[in-house]
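>>> attaching a predicted model along with its sequence, questions to come.
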Amino acid sequence: MRLIPVLVALTVTAASQFAQAQNLNWRGSIAGYDGKSLTVLLRDGTQVVVALPEALPVAVTQRFSMQEVRPGMLLGVTTVRRADGATVAIDVRPIPASAAQGLSPHDLQPQSTMTNAVVEATVASSDAHEMTLNYKTGSVKVLVPHDTPMSRAAPGERSDLKPGAAVFVASRRNDNGSFTAVRVQVGKDGVHPTQ
């Protein structure tokens, strides 16, 4: 009977890893759009084709800054751990109030983490800001250097999907190996999505 909790834990872990493998993020520029599928030129020079459901909204990217950050705001902050142990932001953006709070591994950079959390406090210094983020089950202090990419998503149109525009696509892998977008955000007016 002692094996049951272990087997359950292994099953949950395997299911989580499988789910992560079925959901992939793509970052690059738009190589083509035919009204149904988006071709993304990835950073390594390869291309991927992702189907865009007709009802899927398109978001554009707008500027966002630390001057707009207020206590109580919900942010998605991608971080890495610096050699001295400090947690440093590499991407900051406001997220919907409906977003789940917590920490999770992220694929923006190796060993990066996504923190969805409420801002408790901010402190400014000459070379960085420091934010205290509360994600319900804990809190973390994050350094935000002045050159950290910061942006927000805003409603866009299919006409914003122009060749050469920077794009971020979250997708799910279908049973046949193809991909279907679940979220699309495209750069606009020189502001590029990172995430």
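Happy to help now that I have it.
>>> doesn't Thr180 lie inside a helix?
No. Under DSSP: H, G, I helix; E, B strand; the rest coil, Thr180 falls outside any helix and is assigned strand.
>>> ok, Val119 - contacts?
Contacts for Val119 (Cβ atoms under 8 Å, 6 or more residues apart in numbering) come out as 69-75, 131-133. Heads up, the C-betas are built off the backbone N, CA and C, glycines and all.
>>> ok, of the residues you listed, which come out buried?
Listed as buried from the contacts of Val119 are 69, 74-75, 131-133; burial here means 16 or more other Cβ atoms under 10 Å.
>>> buried stuff in the lengthiest strand in the chain?
Secondary structure assigned by DSSP state E gives strand 112-124 as the longest strand of the chain. By 16+ other Cβ under 10 Å, the buried positions in strand 112-124 come out as 113-119, 122.
>>> for the residue lying closest to Asn25 once chain neighbours are set aside, what is the enclosing helix or strand?
Closest residue in space to Asn25, ignoring its immediate chain neighbours: Ala170 at 5.3 Å, by Cβ to Cβ, 6 or more residues apart in numbering. Under the criterion of DSSP states H and E, Ala170 resides in strand 166-173.
>>> in terms of secondary structure, what does that strand contact?
Helices and strands touching strand 166-173, by 3 or more Cβ pairs under 8 Å, 6 or more residues apart in numbering; DSSP states H and E, are helix 3-22, strand 23-33, strand 37-42, strand 179-186.
>>> ok, now with 6 Å
Counting contacts by 3 or more Cβ pairs under 6 Å, 6 or more residues apart in numbering; DSSP states H and E, strand 166-173 packs against strand 23-33, strand 179-186.
>>> what about the protein, any weak spots by pLDDT?
1-21 (pLDDT under 70).
>>> okay, buried residues for stretch 81-97 please.
87-95.
>>> now, those that are in strands?
Per DSSP E, the subset of the buried residues of stretch 81-97 in strands is 87-94.
>>> with distance to Asp34 added, can I get those in CSV?
Converted to CSV, those look like this (distance: Cβ to Cβ, whole Å):
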residue, distance to Asp34
Thr87, 42
Val88, 40
Ala89, 37
Ile90, 33
Asp91, 30
Val92, 34
Arg93, 29
Pro94, 32
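>>> now for the residue lying closest to Arg63 once chain neighbours are set aside: which residues touch it?
Distances taken as Cβ to Cβ, 6+ apart place Val191 nearest to Arg63, at 5.4 Å, with adjacent residues excluded. With contacts taken as Cβ atoms under 6 Å, 6 or more residues apart in numbering, Val191 has the following neighbours: 61, 63, 151.
>>> pick the one among the residues you listed closest to Ala181.
For the contacts of Val191, the minimum distance to Ala181 (Cβ to Cβ) is 16.0 Å, reached by Thr61.
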